[in-house]
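Trainee: got a sequence here, can you build the structure:
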Amino acid sequence: MKNFLVTGGSGFIGSNFCELLSKKYKVINVDKLSYCSVSEKFKSINKKNYKFINSDISNSNTIKKIFQYNKIDFLVNFASESHVDRSINNPKKFIGQNINSTLVLLDTLRILKKKNKLKSNFKFIHISTDEVYGSSFTPLDEKSKLKPNSPYSASKASIDIILRSYGKTYNFPYIICRPCNNFGPYQFLEKFVPTIITKISKNEKIPLYGDGENFREWIHVEDTCKAILKICLKSKIYETYNIGSTVRLKNIDLCKIIYKAKLKNLNNFNSIIKKVYDRPGHDRSYSINSNKLNKSIYKTKVDKKYIIKRFEETVKWYFMNNKWVNSCFLNFKGNRLG
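Mentor: Model (predicted):
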């Protein structure tokens, strides 16, 4: 049985990945826990295969002990602050935290490798983002230049580059995954999709940046996790994979899909939209080419009807889980704009 170490496994995508892994593999989740951690997700997890350790990834002693007592095959790193607005409001803290913590983790692993404390086939899989490519209406593949336009995407691009340097200098065995926008149950309220849903549920206006014409590519979190797992098991080291669906939607059109999913029509839709001042450095469009993944590792869902169906299921889930949503409001002031 393969052994996985997941760092940042209590966040949105990480918790879904841990749940998927626990069905068949051993998984250790290391997470310091934060305001957006998903503890409820683990109540139904296969506890025979799952272990949680409350620790920051920059705690070298914790990481060393895990590798001392466990034969880890894969370390999948989700640990990161991921809210663009927060990165804009406090870039020094945000960038420093994302880069420094990951760098400490990498250097701990580098030393373990030097001492032959890692398995010979060990792989480090880093979860990056499509935002490292910057704004584009043309689908960009993995060879495209990195042009991050926000402190958040700059921090992720920096880690991607640091990983490349570790691979070249220390033969460190890494793989990089760059997913597009994810959605699904248990996503924290500051993110765009939960914001739309909760605003509708409270009969409040949906704050929409600028003219609402910004494009984003969307994929359900379960499909992302399946792709990451296949990459872990099948990919060679030193590879990078985009994880997308080809389903790109304007922000205003996504609002319509979610509004219609709940109210069954678009009556009064315009009255619930509140256009707000655009955020600095707001990318107009994200678009990635996932052919490399689809042809060699795993074929992701690329059907618009399927994506819309998963949006409708997500809307239904949020309205059926008011207790969890209301508990989130205790740690969230509702400042997310989109």
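Trainee: counting neighbours, what do you get for residue 96?
Mentor: 12 (other C-beta atoms under 10 Å). Bear in mind the C-beta positions are built from the backbone N, C-alpha and C, glycine included.
Trainee: and the average pLDDT for the top helix by length along the chain is what?
Mentor: If you go by DSSP state H, the chain has its longest helix at helix 91-114. Averaging pLDDT along helix 91-114 yields 91.
Trainee: buried ones in that helix, by neighbour count?
Mentor: In terms of neighbour count (16 or more other C-beta atoms under 10 Å), helix 91-114 has its buried residues at 94-95, 97-99, 101-102, 104-106, 108-110, 112-113.
Trainee: ok, which pair from those residues is furthest apart?
Mentor: Pairwise distances among the buried residues of helix 91-114 were taken by C-beta to C-beta; the largest, 29.0 Å, belongs to 94 and 113.
Trainee: list the helices and strands the longest helix of the chain packs on?
Mentor: Packing contacts for helix 91-114, counted by 3 or more C-beta pairs under 8 Å, 6 or more residues apart in numbering; DSSP states H and E, involve helix 60-69, strand 74-77, helix 84-89, strand 123-127, helix 151-170.
Trainee: highest average neighbour count across those?
Mentor: Mean neighbour count, computed with mean count of other C-beta atoms under 10 Å, is highest for strand 74-77 among those, reaching a mean of 26.
Trainee: tell me what that strand is packed against?
Mentor: Using 3+ C-beta pairs under 8 Å, 6+ apart: strand 74-77 touches strand 3-7, helix 91-114, strand 123-127, helix 221-234.
Trainee: about what we covered before: could you dump the helices and strands packed on helix 91-114 to a markdown table with distance to residue 12?
Mentor: Below are the helices and strands packed on helix 91-114 laid out as a markdown table (distance: least, C-beta to C-beta, whole Å):
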| stretch | distance to residue 12 |
| --- | --- |
| helix 60-69 | 23 |
| strand 74-77 | 14 |
| helix 84-89 | 15 |
| strand 123-127 | 11 |
| helix 151-170 | 15 |
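Trainee: which of the ones you listed has the lowest mean pLDDT?
Mentor: With a mean of 74, helix 84-89 has the lowest mean pLDDT of the helices and strands packed on helix 91-114.
Trainee: and it, how far out from the chain middle?
Mentor: 16 Å (C-alpha atoms, centre = their mean, to the nearest Å).
Trainee: from the contact counts, what lies against that helix?
Mentor: Checking 3+ C-beta pairs under 8 Å, 6+ apart, helix 84-89 ends up next to helix 91-114, helix 151-170.
Trainee: ranges for the strands of the stretch 151-300 of the chain?
Mentor: 174-179, 181-183, 206-209, 215-220, 239-243, 248-250, 273-276 (DSSP state E, counting those that start in this stretch).
Trainee: that older thread, wait, which of the helices and strands packed on strand 74-77 is closest to residue 53?
Mentor: Nearest of the helices and strands packed on strand 74-77 (C-beta to C-beta): strand 3-7, 9.4 Å.
Trainee: show the pLDDT at the residue nearest to residue 233 when sequence neighbours are not counted.
Mentor: Closest residue in space to residue 233, ignoring its immediate chain neighbours: residue 2 at 7.7 Å, by C-beta to C-beta, 6 or more residues apart in numbering. You'll see residue 2 listed with a pLDDT of 96.
Trainee: quick one: residue 2 and residue 72 touch, right?
Mentor: No. Using C-beta atoms under 8 Å, residue 2 is not in contact with residue 72, being 9.3 Å away.
Trainee: of these two, who's got more company?
Mentor: Using other C-beta under 10 Å, the more surrounded residue of residue 2 and residue 72 is residue 72, with 21 against 15.
Trainee: quick check: mean pLDDT across stretch 300-317?
Mentor: 93.
Trainee: go on, stretch 185-198?
Mentor: 92.
Trainee: can you give me the offset of it from its chain's centre?
Mentor: 14 Å.
Trainee: what's the straight distance from one end of it to the other?
Mentor: End-to-end distance of stretch 185-198 (C-alpha to C-alpha, to the nearest Å): 13 Å.
Trainee: next, give phi and psi for residue 133.
Mentor: Reported as degrees, to the nearest 10, the phi and psi values for residue 133 are phi -80, psi -10.
Trainee: which residues does the nearest residue to it once chain neighbours are set aside bridge with?
Mentor: Excluding its sequence neighbours, the residue lying closest to residue 133 (C-beta to C-beta, 6+ apart) is residue 140, at 4.8 Å. The partner list for residue 140 in beta bridges (DSSP bridges) reads residue 288.
Trainee: measure residue 140 to residue 52 for me?
Mentor: Distance, residue 140 to residue 52, by C-beta to C-beta, to the nearest Å: 36 Å.
Trainee: then residue 172?
Mentor: 26 Å.
Trainee: what residues are up against the residue nearest to residue 133?
Mentor: 133, 242, 287-289 (C-beta atoms under 8 Å, 6 or more residues apart in numbering).
Trainee: residue 326: which of those residues is nearest?
Mentor: Proximity of the contacts of residue 140 to residue 326 (C-beta to C-beta) peaks at residue 288, which lies at 35.3 Å.
Trainee: the closest one: how many residues sit nearby?
Mentor: Neighbours of residue 288 (other C-beta under 10 Å): 24.
Trainee: right, and it touches residue 242 too?
Mentor: Yes. Here residue 288 reaches residue 242: they are 4.2 Å apart, a contact under C-beta under 8 Å.
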